[in-house]
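# Coordinates for the following, if possible.
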Amino acid sequence: MSGPDVRQAVEPLLDVRGLIAELDTPAGIARAVDGLDFEVRAGETMALLGESGCGKSMTAGALMRLLPDVGYIAGGSVKLAGRELTTLTEAQMRESRGSDMAMIFQEPATSLNPVLTVLQQIGEVLATHRGLRGAPARARALELLDAVGIPDAARRLDEYPFQFSGGMKQRVMIAMALAGEPRLLIADEPTTALDVTIQAQVLDLLARLQRERGMAVLLITHDLGVVARMAHQIGVMYAGQLIEQAPRAAFFTRPAHPYSKLLFDALPDAARHGRGELATIPGSVPPLTTVFTGCRFADRCPLAWSRCHDEAPAWHVAGEAQRVRCHLYDPAEAARAAPMETAATPVVADGGIEAGQTPLLSVRDLKVHFPIRRGVLQRVVGQVRAVDGVSLDIRPGRTLALVGESGCGKTTVGKAILRLIEPTGGTVSLDGQDVGSLSRSALRSLRARMQMVFQDPYGSLNPRMRVGEIIGEGMGALQQRGDGVAVTRLLEQVGLRADMADRYPHEFSGGQRQRIAIARSLAVQPALIVCDEPTSALDVSVQAQILNLLGRLQRDMGLAYLFITHNIAVVEHLAHEVAVMYLGRIVEIGSVDQVLGAPRHPYTKALLSAVPRADLDAATLPQKLTGDLPSPADPPSGCHFHPRCPRAQARCQTDAPVLESRDGRQAVACWFAD
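Residues are numbered from 1 along each chain as shown. Next up is the predicted model:
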């Protein structure tokens, strides 16, 4: 990265001054972007950090002039290569989008047109901004797909978005954004929905293309690990304002604003495992219709005093090339500027959990195969081996994390254990009862002992029912006594108020909806809860609240969790044991310390290496894992991982390794472990 003196000598490619973007809403004028000042130079990445609702995506929309119908730019200047964008006509702006600046949106599945081929969608950009059509356009589109690492690009040009995986769809989006050869690339949460291995490939791709083309990148994210790996400059947003700006090294060495420090303290990691709860930020981002008088973070800040509520802070110097909008850095408040202590809340260590205790859940050789039917008569022509022989145990009061890439069968395992999907083979025992052999009526009574918290709480909560009805529904279905007192107790148990029982799901934030889903699962007093990616869509601060809640409930009630996730940091903090899954099979299983501290399987090593860490020492290039997950309808012979394995040998192509443990170490399915 360039030094401070070099950076000052280079004129910014993007220069934003006093930018104000407003939304005319029924609740009043919402100032989503309020007086933003920042600049990005060619070849440099500027990261915008902050919780949902802080104005990050609205900033991107304002720069691209792609605001909602009720939105408009109310003031300020946006210059790209010296050209003022706010005064351009819509026709001029359309010409600038794609050729001068381009954007990668957060969700490629909704950004790509499902009825147009990849060639047609890239070709539209090439025709508009490069004047290419026909054979020249196809040749250029082929070059772009090759550049973003899509294998067999010539064939895939004529395919539709639904035929691509999530990571491949994101690569197509990047190819479309690059087709106009923009000088500025805006990436809005480009890797949020991706697994760590695919995320690492996409981030590597963006970094390489930036080096080759000298592009400026504005990266919008709430993932501090991605910021540590990609950013040169960092801006922290809160309630429509920038509250801290700093070079990467300064920000990760000494974050200045209390909000920035709390974001770091809310990150889960192995160091806090079993020792304390994560720091949380109380409350939520205030509505942007609020008329602010003091510091916008004052109501949530542990260091706030009267001045913070009465007077808006100015910018102050916090270090070399680092500035912060906080009264603590006012020279007049030097006596008050003490370091912020955010010690973790002490917790009781795992007590009474013996390694030899009888498992609550025992799964043996679980299989889930889905038939592939074709033709007029819908004959079975093959099987999708979604789960192909999984065995695991979970003891009372323990958490087993099931990790792996999307498509490896993790969620199918969770649903098959609860018989939400009927297994094809194998056995599942809960408290010694064979779940698979139970009749429907017997299974209904056992369902009180096992519940599931789904990934998307908004999709799993009935929008037409009030929260109290949602929580009480399970008790009624299982003929358990449920009344208003029981619902109130459950709401308070998950950190919600009793009066919220009369509200509907849409009236809650994402974190609150997830708490409601947890309360619903607790209503029937289960012993086992399957948690399917319960924090994947949440901000760091909200994620910390949910993880603390799950930890407290486990300690107080002795709950066992099957925690399905691809977030390794969450696993480090919450889990006791880890099972690594690849293409329907478990390839490594053991304690957290064993699997994450000394991984034996090459897939586990690649998975851990790909995780972006929120510190500079760990911001190194990950171990490469080439290609994508093969199709479970046509899995490779022998070891399923051998086509992507850096140490595969001839035996791996023909013989499937057995999951086994030696010398008390974690079990691993690999012919050449270690």
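# Let's see the one helix or strand Ile174 maps to as CSV, backbone CA atoms only.
Assigned by DSSP states H and E, Ile174 belongs to helix 166-179. The C-alpha trace of helix 166-179 is given here as CSV (Å, rounded to 0.1, in the frame of the first residue of the first chain):
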residue,chain,number,x,y,z
GLY,A,166,-24.0,-18.6,-5.8
GLY,A,167,-20.3,-18.0,-6.2
MET,A,168,-20.5,-18.4,-9.9
LYS,A,169,-23.4,-16.0,-10.1
GLN,A,170,-21.3,-13.4,-8.2
ARG,A,171,-18.5,-13.9,-10.7
VAL,A,172,-21.0,-13.3,-13.6
MET,A,173,-22.0,-10.0,-11.8
ILE,A,174,-18.3,-9.0,-11.6
ALA,A,175,-17.8,-9.8,-15.3
MET,A,176,-20.8,-7.6,-16.2
ALA,A,177,-19.5,-4.8,-14.0
LEU,A,178,-16.1,-5.0,-15.7
ALA,A,179,-17.5,-5.2,-19.2
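# when you give positions from now on, start the count at 389
Renumbered: residue one is now 389, and that last one reads helix 554-567.
# What helices and strands are in contact with that helix?
strand 489-492, helix 496-499, helix 506-518, helix 522-535, helix 584-601 (3 or more C-beta pairs under 8 Å, 6 or more residues apart in numbering; DSSP states H and E). Placement of C-beta: from N, CA and C, glycine included.
# Need those in a markdown table (columns: distance to Lys467 and mean pLDDT).
Listed next are the helices and strands packed on helix 554-567 as a markdown table, based on distance: least, C-beta to C-beta, whole Å; pLDDT from 0 to 100:
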| stretch | distance to Lys467 | mean pLDDT |
| --- | --- | --- |
| strand 489-492 | 12 | 92 |
| helix 496-499 | 27 | 77 |
| helix 506-518 | 20 | 92 |
| helix 522-535 | 28 | 91 |
| helix 584-601 | 20 | 83 |
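# Could you work out the end-to-end span of stretch 979-992 for me?
Start-to-end span of stretch 979-992 (C-alpha to C-alpha, to the nearest Å) is 13 Å.
# quick one: contacts of it?
The contact list for stretch 979-992 (C-beta atoms under 8 Å, 6 or more residues apart in numbering) reads 658, 661, 789, 956, 959-960, 963-966, 968, 970, 975-977, 993, 996, 1013, 1029, 1032-1035, 1053-1054, 1056-1058, 1061-1062.
# buried set for it?
By neighbour count on 16 or more other C-beta atoms under 10 Å, the buried set for stretch 979-992 is 980, 982-984, 987-992.
# and of these, the nearest to Ile538?
Nearest to Ile538 out of those is Tyr991 (C-beta to C-beta; 22.2 Å).
# wait, is the closest one part of a helix?
Yes: looking at Tyr991 with DSSP: H, G, I helix; E, B strand; the rest coil, it is inside a helix.
# Mark which of the contacts of stretch 979-992 are part of strands, please.
789, 965-966, 968, 970, 975-977, 1056 (DSSP state E).
# domains in the protein, as residue ranges please.
389-488+571-731, 498-569, 749-1056 (automatic domain parsing).
# just to revisit the earlier point, could the buried residues of stretch 979-992 go into JSON lines alongside distance to Cys696 and pLDDT?
Listed next are the buried residues of stretch 979-992 as JSON lines, based on distance: C-beta to C-beta, whole Å; pLDDT from 0 to 100:
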{"residue": "Val980", "distance to Cys696": "40", "pLDDT": "94"}
{"residue": "Gln982", "distance to Cys696": "47", "pLDDT": "94"}
{"residue": "Val983", "distance to Cys696": "45", "pLDDT": "94"}
{"residue": "Leu984", "distance to Cys696": "40", "pLDDT": "92"}
{"residue": "Pro987", "distance to Cys696": "46", "pLDDT": "94"}
{"residue": "Arg988", "distance to Cys696": "52", "pLDDT": "94"}
{"residue": "His989", "distance to Cys696": "51", "pLDDT": "95"}
{"residue": "Pro990", "distance to Cys696": "52", "pLDDT": "93"}
{"residue": "Tyr991", "distance to Cys696": "49", "pLDDT": "93"}
{"residue": "Thr992", "distance to Cys696": "47", "pLDDT": "93"}
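# Just put the residues you listed in CSV and tack on distance to Pro759.
Shown next, in CSV, are the buried residues of stretch 979-992 (distance: C-beta to C-beta, whole Å):
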residue, distance to Pro759
Val980, 37
Gln982, 38
Val983, 34
Leu984, 37
Pro987, 35
Arg988, 35
His989, 30
Pro990, 32
Tyr991, 28
Thr992, 32
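# Could you point out which of the residues you listed is nearest to Ala911?
Taking C-beta to C-beta as the measure, Ala911 lies nearest Val980 of the buried residues of stretch 979-992, at 29.8 Å.
# ok, Arg526 - contacts?
The contact partners of Arg526, taken as C-beta under 8 Å, 6+ apart, are 507, 511, 545.
# what number of residues lie near the closest residue to Ile977 other than its chain neighbours?
Nearest residue to Ile977 in three dimensions, chain neighbours excluded: Ala967, at 4.3 Å (C-beta to C-beta, 6 or more residues apart in numbering). By the criterion of other C-beta atoms under 10 Å, Ala967 has 26 neighbours.
# Is Ala967 in contact with Val791, as I believe?
Yes: using C-beta atoms under 8 Å, Ala967 is in contact with Val791, at 7.3 Å.
# picking that back up, farthest pair in the buried residues of stretch 979-992?
Top of the distance list for these (C-beta to C-beta): Val980 and Pro990, 19.4 Å.
# Columns pLDDT, neighbour count and distance to Gly820 on top of the ones in strands among the contacts of stretch 979-992, output as a markdown table?
Below are the ones in strands among the contacts of stretch 979-992 laid out as a markdown table (pLDDT from 0 to 100; neighbours: other C-beta atoms under 10 Å; distance: C-beta to C-beta, whole Å):
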| residue | pLDDT | neighbour count | distance to Gly820 |
| --- | --- | --- | --- |
| Ala789 | 96 | 27 | 24 |
| Glu965 | 96 | 21 | 20 |
| Val966 | 96 | 26 | 25 |
| Val968 | 96 | 27 | 28 |
| Tyr970 | 94 | 24 | 30 |
| Val975 | 96 | 27 | 28 |
| Glu976 | 97 | 27 | 27 |
| Ile977 | 97 | 25 | 22 |
| Val1056 | 96 | 28 | 29 |
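# Nearest to Leu849 among those?
Ala789 (24.7 Å).
# for that closest one, which residues make a bridge with it?
When bridges are called by DSSP bridges, Ala789 pairs up with Phe951, Val966.
# which residues does it contact?
951-953, 958-959, 962-963, 965-967, 980 are the contacts of Ala789 under C-beta under 8 Å, 6+ apart.
# what separates the closest residue in space to Leu650 that isn't next to it in sequence from Asp653, distance-wise?
In space, Leu650 comes closest to Ile669 once its chain neighbours are excluded; the distance is 5.0 Å by C-beta to C-beta, 6+ apart. Going from Ile669 to Asp653 by C-beta to C-beta, to the nearest Å gives 9 Å.
# Equivalent analysis for Leu451, please.
Applying C-beta to C-beta, the value for Leu451 to Asp653 is 31 Å.
# When those two are compared, which one has more neighbours?
Neighbours were counted for Leu451 and for Asp653 using other C-beta under 10 Å; Leu451 has more, 24 against 20.
# So the more buried one: helix, strand or coil?
helix.
# What confidence value was assigned to it?
Per-residue pLDDT puts Leu451 at 95.
# mind listing what the closest residue to it other than its chain neighbours touches?
Distance criterion C-beta to C-beta, 6+ apart; nearest residue to Leu451, sequence neighbours excluded, is Val466 at 5.9 Å. Contacts for Val466 (C-beta under 8 Å, 6+ apart) come out as 402-404, 407, 450-451, 472-474.
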